[in-house]
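[1] Okay, here's the prediction I keep looking at, along with the sequence it came from:
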Amino acid sequence: MKKEALAPIGIFDSGIGGLTVAHAIRQLLPHENMMYFGDTAHLPYGDKSEAAIQAYSIKIADVLLKKGCKVIVIACNSASSASYELLKEYVRKDAHILNVIDPMVELVTRLYEGKVVGLIGTKRTVQSGIYTNKINEANKGIRLQSLATPLLAPMIEEGFFNNQISHEIIAQYLEDPILKDIEALVLACTHYPLIKKEISSFYQGRVDVLDSAVVVAEALQNYLSENMLLNTEGEPSQHFFVSDYTEAFEASTRLFFQEKVTLERHPLWN
Ligand code: DGL
């Protein structure tokens, strides 16, 4: 194994939603060292401007590069849509950048040729039109129907899921005529795996519900193995940084990562 393989994987999100992606990475690549950064001081990203998200993303990339990360995974759709191209330019040869959008686009264009596919996500992600553009570029006759669902991420962060309130909010959104006649629904926000079961039961098996956590972990695995950067030995280390610490964030992390996590405070600006 090359020495570079020991370097950590950097993962970031606006907050703790990206822990769903971190969890899938931990499951698939159990020896990788991991540095997670949740920008809890600036959450949510979903209703921020592109320029603001780009500024935060650059600062976070600096933190992760200083910690020697070999790859940076943008585990947030809003940041992937706003900052991926910029971060690739900025980071250049210092680390490889992965986003959560391309692996999902690859999956959708492979499986749903000629079909109608729905998408839900934050305002930033939906307004960017990035999924529509990338899916159209693939020229597979797929019609993507996108709906911004801004209440869902804060609802989940407040622990409201699998209950009466979340069922009603989810149903209100999914009954929107724009999502009529879809064969699959893309969960274009890394918070949404926590409500995947509720969404699936709304559709009662009629619609495939697609979340990106596993496909992103697989894309990372492919990149690492193609570049001989897979860490295949030893106990991994994992660190979880947040730009603003509260006990409530720490308590919620268990829901997203499925094990107890200790958060370390790391302000982006001093
Ligand atoms: N997890 C973020 C995403 O995937 C959404 C949460 C936010 O608005 O910050 O887009």
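    Happy to help now that I have it.
[2] Pull the number of nearby residues for Gln164.
    The burial count assigned to Gln164 is 8, neighbours taken as other CB atoms under 10 Å. Yep, even glycine has a C-beta here, placed from its N, CA and C like the rest.
[3] residues from the stretch 51-200 of the chain in reach of the ligand?
    Counting by CB under 6 Å from any ligand atom, the residues of the stretch 51-200 of the chain lying close to the ligand are 76-78, 122, 125, 153, 189-191.
[4] which residues touch Gln54?
    82-83, 86 (CB atoms under 8 Å, 6 or more residues apart in numbering).
[5] The protein: helices as residue ranges?
    Along the chain, counting by DSSP state H, helices occupy 19-28, 50-66, 77-91, 102-111, 123-128, 130-137, 152-157, 164-174, 196-203, 213-226, 247-257.
[6] TSV for the ones you listed, including distance to Leu43 and mean pLDDT?
    Below are these laid out as TSV (distance: least, CB to CB, whole Å; pLDDT from 0 to 100):
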stretch	distance to Leu43	mean pLDDT
helix 19-28	13	96
helix 50-66	10	98
helix 77-91	10	97
helix 102-111	22	98
helix 123-128	12	96
helix 130-137	20	98
helix 152-157	8	90
helix 164-174	19	97
helix 196-203	21	97
helix 213-226	19	97
helix 247-257	9	87
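[7] out of these, which comes closest to Phe12?
    Nearest to Phe12 among these is helix 50-66; the distance by CB to CB comes to 4.8 Å.
[8] now that closest one and helix 77-91, what's the angle there?
    60 degrees (axes from the mean of the first three to the mean of the last three CA atoms, to 10 degrees).
[9] Return the distance of helix 50-66 from the chain's centre.
    16 Å (CA atoms, centre = their mean, to the nearest Å).
[10] can you pull the buried residues of it?
    For helix 50-66, burial by neighbour count (16 or more other CB atoms under 10 Å) applies to 53-57, 59-61, 63-64.
[11] Over to stretch 120-135?
    Using 16+ other CB under 10 Å as the test for burial, stretch 120-135 gives 120-122, 124-128, 130-132, 134-135.
[12] Can I get the helices of the chain in a markdown table including distance to Tyr36?
    Formatted as a markdown table, those follow (distance: least, CB to CB, whole Å):
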| stretch | distance to Tyr36 |
| --- | --- |
| helix 19-28 | 5 |
| helix 50-66 | 9 |
| helix 77-91 | 14 |
| helix 102-111 | 19 |
| helix 123-128 | 21 |
| helix 130-137 | 24 |
| helix 152-157 | 16 |
| helix 164-174 | 25 |
| helix 196-203 | 21 |
| helix 213-226 | 14 |
| helix 247-257 | 9 |
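[13] ok, back up a step: quick one: which of the buried residues of helix 50-66 is nearest Pro30?
    Leu64 (20.6 Å).
[14] gap between the spatially closest residue to the closest one that is not a sequence neighbour and the ligand?
    In this structure, Leu64 finds its nearest non-sequential neighbour in Gly10, 3.4 Å apart by CB to CB, 6 or more residues apart in numbering. For Gly10, the distance to the ligand equals 16 Å [CB to the nearest ligand atom, to the nearest Å].
[15] next one: Gln172
    Gln172 sits 19 Å away from the ligand, going by CB to the nearest ligand atom.
[16] now Tyr245: how far from Gly38?
    For Tyr245, the distance to Gly38 equals 10 Å [CB to CB, to the nearest Å].
[17] what sits in contact with each of those two?
    Joint contacts of Tyr245 and Gly38 (CB under 8 Å, 6+ apart) are Leu263.
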